[in-house]
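Student: Any chance you can model this:
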Amino acid sequence: YWLKFSGSQLIPIIGFIRSADTTAVQPGWNLFGTTSMPVAVSTIEQTPPGVISSLIYEYGGNNYAAVDTVFPGKGYWVKSASAGSLILSGSMYTQPKAR
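Tutor: Numbers count the residues shown, from 1 in each chain. Below is the predicted model of the structure:
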């Protein structure tokens, strides 16, 4: 889901910590989220191998930008060459670049 707010605000997300998740993708552009922890794009597994056919992008208000880490609470775009799965595994000990 995408929500539009009138300005920046903190929105609490209540639930269980998810350290791993598998997301199905279809051919073409897909919108996906991540685990409860940041995940480096380089660690995202693909089934079958090579299913991702683009960089992974976030929307920044007026443009799209490629990312090297996906963060909780955000949505990301990826183009898939075929149907498959993205397997994400986050770790509280991962030190991604600050945003």
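
Student: This protein: helices as residue ranges?
Tutor: Along the chain, no segments are classed as helices by DSSP state H.

Student: shaky segments in it?
Tutor: 1-2, 91-99 (pLDDT under 70).

Student: and Gly73, how many neighbours does it have?
Tutor: 9 (other C-beta atoms under 10 Å). C-beta: built from backbone N, CA, C; applies to glycine.

Student: So it versus Ile13, what's the distance?
Tutor: Separation of Gly73 from Ile13 (C-beta to C-beta, to the nearest Å) stands at 6 Å.

Student: just the strands in this structure please.
Tutor: 20-25, 28-32, 39-40, 45-47, 57-59, 64-66, 69-70, 76-80, 84-89 (DSSP state E).

Student: which other residues reach the fifth one?
Tutor: Translated: strand 57-59. 64-67, 74-78 (C-beta atoms under 8 Å, 6 or more residues apart in numbering).

Student: and if we set it to 7 Å?
Tutor: Strand 57-59 has contacts (C-beta atoms under 7 Å, 6 or more residues apart in numbering) with 64-67, 74, 76-77.

Student: Same list, those, but as CSV with distance to Arg18 and neighbour count please.
Tutor: Below are the contacts of strand 57-59 laid out as CSV (distance: C-beta to C-beta, whole Å; neighbours: other C-beta atoms under 10 Å):
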residue, distance to Arg18, neighbour count
Tyr64, 25, 12
Ala65, 25, 9
Ala66, 24, 11
Val67, 19, 20
Lys74, 14, 12
Tyr76, 16, 20
Trp77, 21, 17
